[in-house]
Structure formats: C-alpha cells, structure tokens
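*Asks:* what's the 3D shape of this:
(chains A and B)
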Amino acid sequence: MMAAAVAVNGTASSSDWDGRYYHVDQILDRPGPRTDPSFLAGDEVKEFLREKCKILVIGAGGLGCEILANLALSGFKDIHVIDMDTIDISNLNRQFLFRPKDVGNSKAIVAAEFIMNRVPGVKVTPYFGKIQDKDEDYYMQFNLIICGLDSVEARRWINATLVNMVDPENPESLKPLIDGGTEGFKGQARVILPTVTSCYECSLDMLNKPTAFPICTIANTPRLPEHCIEWASVLEWPRVHGEKKMDTDNPEHISWLYQIALARAKEFKIEGVTYSLTQGVVKNIIPAIASTNAIIAASCCNEAFKIATSSAAYLNNYFMLIGTDSVYSYTFEHEKRQDCPVCGGESLDITVNKEWTVDRLIEVLVERQDIQVKKPSLSAPGKQIYFQAPPQLEEATRPNLEKKVSELVPDGGEITVTATTLPFNLSLRVKYI
Amino acid sequence: MSQTESRDIQQATTSVASGQPDAKTRRYDRQLRIWAASGQAALEASRILLVSSSATSTSILKNLVLPGIGHFSILDSAITSPADAGNNFFLNARQSIGKPRAQEAVPLLRELNDAVQGEAVLKDVSELLSTEQGKDWIGSFSLVIAHNLKKDSLEQLSALLWANPNGPPLISVRSAGFLAEFHIQYHEHCVSQTHSETAPSLRITRPFPALLEWARSVDLQNMDSTDHGHLPSVVILVRAVDEWRKSHDGNLPKTPAEKKEFKSNMLAMRVKPDEENFEEAEAQAWRVWSEPAIPSDVQSLFSLPPLATSPRHNATFHALLETLAEFTKDPSGPGTLPISATLPDMKADTKSYVQLQNLYRQAAEVEKNKFKEIFAAKHPEIAKTANPDEVDTFVKNAHHLRVLRGKQLGAFDKDRDAIVNSLSMQPREAATHLALTALSALLSREAEVTVDALNTEVQAIIGEGIEFPDELDAAIGEVARAPTADLPNTAAFLGGLVAQEAIKVITEQYVPLNGYCVVDLIDSWTGIIG
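*Replies:* Have a look, this model is predicted:
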C-alpha cells in the first residue's frame, strides 16, 4: 500500500493522475438535456467537488461502508464519518470494509482507514461515538449529510437538529439530508431539504408498526414461540436476575433466555423456539444483505453527487425499492405534513375525550404511530401535569394520573410533551369531545 | 415454573454450550434469515462467470462473494487503464495501472470472503466463443453475467447459451452515465419458495373433517365464558359458515345484504359484547366469500402449454405441477390445493390454539400423503428419484407457485409492434432501452456517438413514421453526454440490483426479473420492459 501512504501525506490534487476521473468527468464537462442551466460545467464544479465540499456520513455499517466507497470514487475528498458501534462477526456478510481481524474495533475508524488506503487522496475523518455528542457548530461545517442508520431514534434526532439549524437569513444553514434504509430485499432512499420538503418526522407513520405482544398473552396464553421468548426476556430475566441488565450481545445471556423460553414452550406444547429465533426476537434483528445495501447506498450517493455538482436534477423526494418479486420501485414526492411537530411549526391538534384521565391520554400518545413516544412527560403552560423523572417529581405529579385531562387543561389549551426518546418538544392543542 | 426450576435450568445451561451457532452461521446470520440454509447451500454450490472486470462487474461480484457463492471466474483481457484505476474499488489505484485488470481485481474480491474461490482468465470472450472447448467452459457455469460487452460478442454469447436450455442463464448489463439496463435470459424459471406475503387459505369454506367436527361440536350457549372468549376465530367462522349453509341450500353469502347478515349472525353468537375472538372472526369474514377453490395464479399454471425447450432440471417441478392439478380434481380429495400446516396467530388460549395447530398439521400431512400417492402413480420414474425435500417444499408452497418464461436477449428489439407499443405505453422505459441499444450498435462499429447518430440508430430499430416521444430526446441526449462513463454510483446501483437477481435465480427463492430492468438515475426510477 505504498501509493496510499504517499497519497495520505500529499495534498489532494497531487495524488490525482491523468485520466483518473475519465468516467465522472463525462458528466461534469457538459450538461445533459435535463440539467439545470445553473450547472457550471468544467473546472469550477470539479474544484468544488474535489477541494471544497465537505460531507458527513452518519453510520459506518451496512449502508455506511458502501456510502464511503461510492463517495470516495465519485470525487468527494473531505469525508467525515460517525459511528458508535464496534464490528461484530455478523456484520461481515455485507460490511465489506471489515475483516475477521477487525471484530471488536470501531466501525468508523476501521472504515476510514480502509477507504484512505484504497482510494488515494481522500481524507476520511472518523468519530467513534454518538451523533448526540456533537453540537450545531459541528453539523454546520458540512455541505451535505448522508444517513445510513438502523435506528429510528437517531434519525429523528439528526432530522430535528438539522430542521432547527435552518436560519432563513442564512442559506448556508440549510443542510440537505439524504437518508437510506434497508430490510431484506427492500429499501428506501430519500432527500430531505430541512424546512423545505417533507422531513423524516413527517413520514413517521409510514414505518411498520413494531410487533408488540400484549403482556397478558405472554403471561397467560402463549401460542407462538415468540411469546415464550418474550416471557423469558421481559418477565423471567428481571425476576431471576433482579437489577442485572440483560445484554443482548452476550451469548450467555441469549443462551439463558433460549433455555428458559424452550422450557416454557415445552410446558405449553409450543414448537419452534430456536437459538436463532430467540436472538432475532430479543435483538429485534432486521435481515440484511450486501446487494440491497449497495442499491440504497448508491442511490443516496448519486443524489449527493447530483446535489453537490448540479449536474442533474435530484430526487424529489422518495425512492422505494422492493426486490422480492421482480424489481419493483416507486419514486414519489412525499408531502410535507402541515402539523409536523418538527418542521410544521404548529402544534398538533388532538381530540381528547372529556372523561379521559391523564393516564389514558398517555396510553393514547404511546399508541400513536405518527408520534411514537415512550414514557412521555406532560406539562401545560405554568403547570406540571406528569413527569416520568426525576423520582421526586414523578412522585409529586403521580396523583394527576388519575385526574381528568379536562380538569387540568382548558379546551383549546396546549400540552407540551417531552421524552428522552423525543429529540424535540411536542406541543399538542387539545380539543374536547 | 417455580423459582427452583428456573435456577436448575440456569445452572444446567451455564455449564453446557447451549444452542449457540457456529462461526459460519454467525457470519451469515442476517442473510440466513432471508433464504435459510437451503438458499445458502445453493449459493455455495454455484459457479459464476463474469465477462469483464469493469467497475460495474466488480460491484456485482462483491455482492455475490460477500454472501458466499462457491466460485467465480472473471473473463477479461483488458489491461488496467488510468480510468479503471479511478472508478473501480477493486483495483489497487495507481499500482494496478498497466497490469491485467481481472488479475488485479481477483485478490481484492477474494479477501471479502475466505470461503469463496475465484480466478482471473485473461482472455477475450470472442476467443473462447471461437472454440468448442471455450464454449463448453462457458456453458459449465451456473450463471453468466456480462457488462457492456461488444454487440457481436454479446449476440454470440446469448445465442450459445440460448441454444442449450440446460445451460446457464445470462444476465447482460449495459450502462452509460446515469442510464442503464439489464436483461435476464432464461427459457423457464420455476419457483416454489416465492416467499409471498399473502397468507394461504385457512380453508374456512372447505373445512377438513376434524375442523368441521370441532366447529359443530362446540356448545356455544353453555360453555364456560372464558373458554367462549378464547375460541379461535377460525372455529367460529367455520361454525358460522356451516350454519349459514344449512339455511341457504348449501350456498355461501353472496350479496352485500347477505354478507352483512352473515356477520351479524356470527356476532350474535357472542355471550359478551367485547369478545376479541369474535371481532377477529368478523375482520376475517372476507375469507368466506372471496377465496376461490384455487388461486387464479396457480390455476393458470395448470393450463400452461408445454415448452419445447424446457430445462431438464424443471422436469420434477412440472411433474409436481401436473400432480397438483390432478390432486385438485381427485374425487376423494378436498377439491382445492393441499392445506398449509402453518396457522397464523389468533386470539385464543394456549390449549385451543395448539389443538387447532395440530389439526392443521395432521390435515396437511394427510393431504401431502395423498399428493405423494398421486405423484407416484402418475410419474413413477420421477417420483422415485425426486428429492423428498423438493416435494415437501412444493406442497408446502402450493398456494404461491410461479413459472416464468423468458425470451432470448434481443427478441424484444426484433418485435417491432411490441417496441412501438411500448413507446406509447411506457415511453421512458422504452426510450431509455432504445437509446442504450443504439449506443451499443454505434460503439461496436467504433462510430462517433452523437445525438444524430443515435437518432438514426433508433429510427432503424423502430422504423419510419413513428413519432419520437420527448422521453427519447431526453434519453438520447443523456447517452450522448456520457457514452462510455461507468459512473461509480451507477456501477454500485447495478451491482446491487444484478446481484439480487442473481441470488434469486441461483437460490430459486423469491421471484426474479423477466425481461429488461431499465434504470434512470437522474429521475431515480427503475422500470420493467420487454
């Protein structure tokens, strides 16, 4: 890897060779029939792409590895990558920058090194940590952000952060966000222009509802192997192990759950509890393959390339792919939600039955697919309704759970919802029926 | 379970390695959840030939080496150019320039997965196509994939592989800048494991004897109220259908009024207004009036005309398909497809759910044995040699079988009516396909690629007097802009799409493409044509 070492030490342009960008330059040297007239073909666009543009990749996993390689080959030379995870053996079927020797090491660091070794002149700056560790100043330095995440919570956080950063006086504060996701043979890629187009929060109700088994089924009438596994993890683990936290990455913990679930299944004559299923249920494993990640990552990087260069129109704004039956895809414009709690700027209208208690309202909020909140705390202007934490406050506000909402908040009044899983304050306008 | 019991289990399990998977299973865990051990075994037995080691070709291979195909060969006589070193991740940048491209790519692909064998063959495909030995070698693979191959070589390759229905399918890929397409050439592809998301029939209107017996024997008025609230919805529905038929000359509810009446009759069986099992039965009532004896997709397979060139390895599938048609007509059978043993979850107590599940399993077993009897009687030779797993898989998936019949590469372009029709029905797909076809003709003649030259080529394919839609100007203009560009993102996109199709073809799971898949990465869409 001698050339690579030279490249890392040299400046970006000195590591280039004649003909290096033969393929990409065919696009950058002249416009096509669908290219916007503002496109500056030739040196100007190349200079911006290769010397000025700074791009952030969030996630160095299945999508992230692909995204980094595509960006590097496309000519982006200042790439940053954030990932809090370390490499696991089950990543190796698709996260192609990692080898068995890398298991246990930081994904961001290993991926960055690999790219810099393979593609000379590209600088990849890794950060081994959480996106929440970084502040607005950090995110402000980038021209574009691409997300390849598997967590809804992290996506909501970065989406809300970028929407909040937009200052109408300063066009530079609007950071295009490109988001990708996959599951099995299916996936989606989308372009979000914070405050301008539909944001991640606007489309929250498109997500599949996570399978939740009622606790009474788990405790009393198990029918499926999954019910037995939930019994082991939700009820038996805390009963037997008390305060000791379950670690779903610890094979001994999974084995314990498997054995307990298996015994329960035998007792009820239920078939189908396996180690693999146990792991799948408790870790909420999403099947993943290299090829689907390649498609979605390529789509994300292609949009990033088009946005950075204006060489062609970019996706407006959602691309969905289903590869299970032939190749089916659907490209459409997802509409901005007027009452979006993040980019709508208004409060969300909610219809509340006059008889509902605060406890009932919390239940309803937790159920709602377009809100997706766990353990919300509620307050009204100048009034605490119910707080989940700290313990003293929880105790002090607990009596309100039994009170009717209508006794605490007037018709048309506002309730502010906060939660640790919610990266913003959600305000609700109450209407009684 | 008592606390002592669970502690005993805990002690027992901490000392024994308990069910933990081996390293290979752990590595492939996320994909085994998609295609299971059978799909993995098929991948590991496969041998794939890639004609070219372009950026697109190595992207495709990467996505096949990672999941663990058995072997790959790259056939390519090209020497790495500075341009290759710039757009191909599986070359050692500047160090690879001047060295054989395939030879440089192989080790970088192989290091992705120790279990995969790979080799570079530094020859041009035309050389192999000119000798019998070369042709045999090409025909020995499980699948052949070619990217941006010269027109005449591609036509020869396609003709060679089409001439032998038992030979490998051919995936041919073309790309230029933001535009691309690929085609899969096969005579016939049969799938039993389609992994359809529609649930198979629960046979509510055609209950097997034990299910009907249970439904009739339930004493709804006098049973314990907890048991009443836990009676599985399937049993409720079968009971309601049985009662309806008795008072309607054996007919099912047909008119909207009858359907409404059926539902209210069923809900009248409740003893409490909030019984969830009855709500579930009401939500499932559509099964009573909209389930044909045989799903139309499967029915249509029964009358499929035989193919003169059906691949040999589809013989068992066709024999099973004939057996299935026979099974549905058998007077001693259920008059429909064999029942599925899998029961979806429903509101019920453990005992009645498990009991119901066992009834479905037993019924499925009985019908499978009946199916096998017919199979052995109708196709004694095939039945003797058929893999029992294949038979079981077929019966289990009888509700979702698929047979795809493909065309030879280029057949679409020779069918002028089809092309002209597609220009008005699917203008953007047809336009992109035609622009890429015209490009390939120009490049093979080493002619200059201009908008005018492309227009002339397209005219030659579709004939005089056909108006060009706007989409054609957009596609031709884009092809003229970047006629030889193998863009990293387009290569990666195709790498994923083509690998998905290759996996579906090799594993015989899920449903592969039939025809051309056309890709436009400016407006970010894909479409199917031809």
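
*Asks:* all contacts plus neighbour counts: C-alpha atoms, from now on.
*Replies:* Fine.

*Asks:* show me the contacts for the spatially most central residue of chain A.
*Replies:* What sits nearest the mean C-alpha location of chain A, by CA atoms, centre = their mean, is A:R155, with 3.3 Å. Residues near A:R155 by CA atoms under 8 Å, 6 or more residues apart in numbering or on different chains: A:C147, A:L149, A:Y200.

*Asks:* Please name the bridge partners of the first one.
*Replies:* In this structure, A:C147 bridges to A:I58, A:D179 when assessed by DSSP bridges.

*Asks:* Do I have it right that it meets A:P176?
*Replies:* No - when contacts are counted by CA atoms under 8 Å, A:C147 is not listed as touching A:P176 (10.9 Å).

*Asks:* what's around the residue in the stretch 51-200 of chain A positioned nearest to chain B, how many residues?
*Replies:* Proximity to chain B, evaluated over the stretch 51-200 of chain A using CA to the nearest CA, is greatest for A:S90 at 4.4 Å. For A:S90, the count of nearby residues is 18 (other CA atoms under 10 Å in any protein chain shown).

*Asks:* Checking the residue nearest to the centre of chain A next. Helix, strand or coil?
*Replies:* A:R155 falls in the helix class when you classify it by DSSP: H, G, I helix; E, B strand; the rest coil.

*Asks:* Same check on B:R287?
*Replies:* helix.

*Asks:* So for stretch B:205-218, mean pLDDT?
*Replies:* Mean per-residue pLDDT for stretch B:205-218: 96.

*Asks:* re the thing from before, OK, contacts around the residue of the stretch 51-200 of chain A closest to chain B?
*Replies:* B:R26, B:R27, B:Y28, B:D29, B:R30.

*Asks:* Would you mind writing the ChimeraX command to select the buried ones in the residues you listed?
*Replies:* Applying 16 or more other CA atoms under 10 Å in any protein chain shown to those, the buried members can be selected in ChimeraX as follows:
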select /B:26,27,28,29,30
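
*Asks:* Look up the pLDDT of residue 124 for me, please.
*Replies:* Picking chain A for this. 98.

*Asks:* The intended chain is chain B.
*Replies:* 97.

*Asks:* can you count the residues close to the nearest residue to it once chain neighbours are set aside?
*Replies:* Among residues not flanking B:D124 along the chain, B:S77 sits closest, at 5.2 Å (CA to CA, 6 or more residues apart in numbering or on different chains). Counted by other CA under 10 Å, the residues lying close to B:S77 total 19.

*Asks:* I'd assumed B:P100 was in contact with B:S77.
*Replies:* Yes - under the criterion of CA under 8 Å, B:S77 makes contact with B:P100 at 6.9 Å.

*Asks:* shared neighbours of these two, anything?
*Replies:* Common neighbours of B:S77 and B:P100 (CA under 8 Å, 6+ apart) are B:L122.

*Asks:* Could you check how far the residue nearest to B:D124 is from B:S57?
*Replies:* 14 Å (CA to CA, to the nearest Å).

*Asks:* End to end on stretch A:138-147, go ahead and measure it.
*Replies:* 16 Å.

*Asks:* Okay, buried residues for it please.
*Replies:* A:Y139, A:M140, A:F142, A:N143, A:L144, A:I145, A:I146, A:C147.

*Asks:* Let me see the confidence value for A:A212.
*Replies:* Value for A:A212, per-residue pLDDT: 82.

*Asks:* ignore the last one, A:G59
*Replies:* At A:G59, pLDDT is 98.

*Asks:* who are the neighbours in contact with it?
*Replies:* A:G59 touches A:V81, A:I82, A:D83, A:A108, A:C147, A:G148, A:L149, counting by CA under 8 Å, 6+ apart.

*Asks:* which stretches of the chain form strands?
*Replies:* Because you didn't say which chain, this covers chain A. A:54-58, A:78-83, A:123-128, A:144-148, A:177-183, A:186-192, A:318-322, A:328-332, A:348-352, A:377-380, A:383-386, A:414-418, A:426-432 (DSSP state E).

*Asks:* That was the other one, I meant chain B.
*Replies:* B:47-51, B:71-75, B:117-121, B:143-147, B:170-176, B:179-185, B:188-191, B:402-405, B:515-520, B:525-529.

*Asks:* ok, back up a step: quickly note the distance from the residue nearest to the centre of chain A to A:I322.
*Replies:* For A:R155, the distance to A:I322 - CA to CA - is 22 Å.

*Asks:* In the stretch 1-150 of chain B, where is pLDDT below threshold?
*Replies:* Applying pLDDT under 70 to the stretch 1-150 of chain B flags residues B:1-18.

*Asks:* at 50 instead, please
*Replies:* B:1-17 (pLDDT under 50).

*Asks:* Contact residues of the stretch 201-350 of chain B facing chain A?
*Replies:* Residues of the stretch 201-350 of chain B lying near chain A by CA under 8 Å from any CA of the partner chain: B:D345, B:A348, B:D349, B:T350.

*Asks:* swap the cut-off to 7 Å and go again
*Replies:* B:D349, B:T350 (CA under 7 Å from any CA of the partner chain).

*Asks:* which non-adjacent residue is nearest B:E181?
*Replies:* B:V518 (4.3 Å).

*Asks:* Show me what the one you found is bridged to.
*Replies:* Bridge pairing for B:V518 - DSSP bridges - gives B:E181, B:G527.

*Asks:* Just the local confidence number for it, please.
*Replies:* 98.

*Asks:* From what I see, it and B:H183 are in contact.
*Replies:* No - if you go by CA atoms under 7 Å, B:V518 and B:H183 don't touch, sitting 8.8 Å apart.

*Asks:* what touches both of the two?
*Replies:* The contact sets of B:V518 and B:H183 do not overlap (CA atoms under 7 Å, 6 or more residues apart in numbering or on different chains).

*Asks:* ok so, going back, so the residue nearest to B:D124 sits right up against B:L122, yeah?
*Replies:* Yes - shown here, B:S77 and B:L122 form a contact pair, counting by CA under 7 Å, at 4.5 Å.
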